[in-house]
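[1] model the following, please.
(chains A, B, C and D)
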There are 2 protein chains.
Amino acid sequence: MTNYSIGDLATRSGVKVPTIRYYEEIELIAPTGRTAGNQRRYDSDALDRLRFIAHARAMGFSMESLKSMLRIANHRDAPCEDLDALVEARLKEVDERLAKLIALRTELASMLESCAHGTVADCRILQVLSDHEECRAEH
Amino acid sequence: MTNYSIGDLATRSGVKVPTIRYYEEIELIAPTGRTAGNQRRYDSDALDRLRFIAHARAMGFSMESLKSMLRIANHRDAPCEDLDALVEARLKEVDERLAKLIALRTELASMLESCAHGTVADCRILQVLSDHEECRAEH
DNA sequence: CTTGAACCTCTAGTGGCTAGAGGAATTATC
DNA sequence: GATAATTCCTCTAGCCACTAGAGGTTCAAG
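    Numbering: from 1, shown residues only, chains lettered A, B, ... in the order given. Sure, this is the predicted structure:
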């Protein structure tokens, strides 16, 4: 029967106090009990959920996905395919992002290489930036 | 002596009309001439600058960096070190982002692998998400 | 000269928080 | 038990880089 204040919850979860209130407002977490003086009090389940949220956010899952995950987590005897699907979708996003970043990295590196360290007037960097046609990859 | 309307400029540069006005507002581009009826008119230099901006934005350079670049581009006989520095800084950012994404990718993939495709109750995905300690990488 | 498309300014909204004001409740110290 | 310090409450506003829309004006084609 733990009885955390919102500040306790914040330090334990790493999620800031106003963010916790924000999550309540957008109904990502349910409103919790209050003291006679209207202050929020949480139990350890709430802490678990917040940690879950923090972790999933850190992995880049969208708020939308988070809401789905939390919903799914409540149906403990349902098959977990939907969960899989969400993770797969995120993996795909990450892969796409990686591909783009790698292409970009190549481009940036080659810009640096082709710079002759002269004056701005004949700097290849500016030329490349001015002329998208010079790029292999689109971004 | 080209004489583009803001719409022409938008179609030619790929930057949307309101965005061009926004760029003017935040002084990323200079205010341009107007017709007697107060409509903006641009020349081909403006188009070049806008294309430059669009391209640099697509490469992920910050607005801050963009402003610096545009300033630097005006000093045509200065050395281009500062330009190099900006590109290098961006390259470093990209590398950091890549490292994190690769770690994340690994994690997501292993989550998917460890899922036994049973019920939500014993799905490893939920367990991993609930417990940050299980992760090698921080994110 | 009429029409219709494109333009103008201005305000407000987006997401995911963060910051601050002004005031009430709780906790720690004496 | 009084007081002081801290934490909490709600509410409003701000952040970035745009995007959307209202209400009205100007331009270019026919």
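
[2] what's the neighbour count on residue A:39?
    11 (other Cβ atoms under 10 Å in any protein chain shown). Yep, even glycine has a C-beta here, placed from its N, CA and C like the rest.

[3] cool, and the one 4 residues further on?
    If you count neighbours by other Cβ under 10 Å, residue A:43 ends up with 14.

[4] roughly how far does the residue nearest to it when sequence neighbours are not counted sit from DNA strand D?
    Among residues not flanking residue A:43 along the chain, residue A:2 sits closest, at 5.4 Å (Cβ to Cβ, 6 or more residues apart in numbering or on different chains). Distance, residue A:2 to DNA strand D, by Cβ to the nearest atom of the strand, to the nearest Å: 14 Å.

[5] pLDDT score for residue A:2?
    Looking at residue A:2, its pLDDT reads 80.

[6] same deal with residue A:63?
    We have a pLDDT of 94 for residue A:63.

[7] get me the contact residues on chain A for DNA strand C.
    Residues of chain A found near DNA strand C (Cβ under 7 Å from any atom of the strand) are A:5, A:16, A:18-19, A:22, A:35-39, A:57, A:62-63.

[8] which of these fall within helices?
    Those of these mapping onto helices are A:18, A:19, A:22, A:57, A:63, per DSSP state H.

[9] want to throw the residues you listed into TSV with neighbour count and distance to DNA strand D?
    Below are those laid out as TSV (neighbours: other Cβ atoms under 10 Å in any protein chain shown; distance: Cβ to the nearest atom of the strand, whole Å):
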residue	neighbour count	distance to DNA strand D
A:18	10	7
A:19	16	11
A:22	13	9
A:57	17	16
A:63	13	16
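
[10] with the residues you listed in mind, which one is nearest to residue A:127?
    Nearest to residue A:127 among those, counting by Cβ to Cβ, is residue A:57 at 40.5 Å.

[11] list the contacts for the closest one?
    Residues in contact with residue A:57 (Cβ atoms under 8 Å, 6 or more residues apart in numbering or on different chains) are residue A:66.

[12] kindly report the residues of chain A close to DNA strand D.
    Counting by Cβ under 7 Å from any atom of the strand, chain A sits next to DNA strand D at A:5, A:6, A:7, A:8, A:10, A:17, A:18, A:21, A:38, A:39, A:40.
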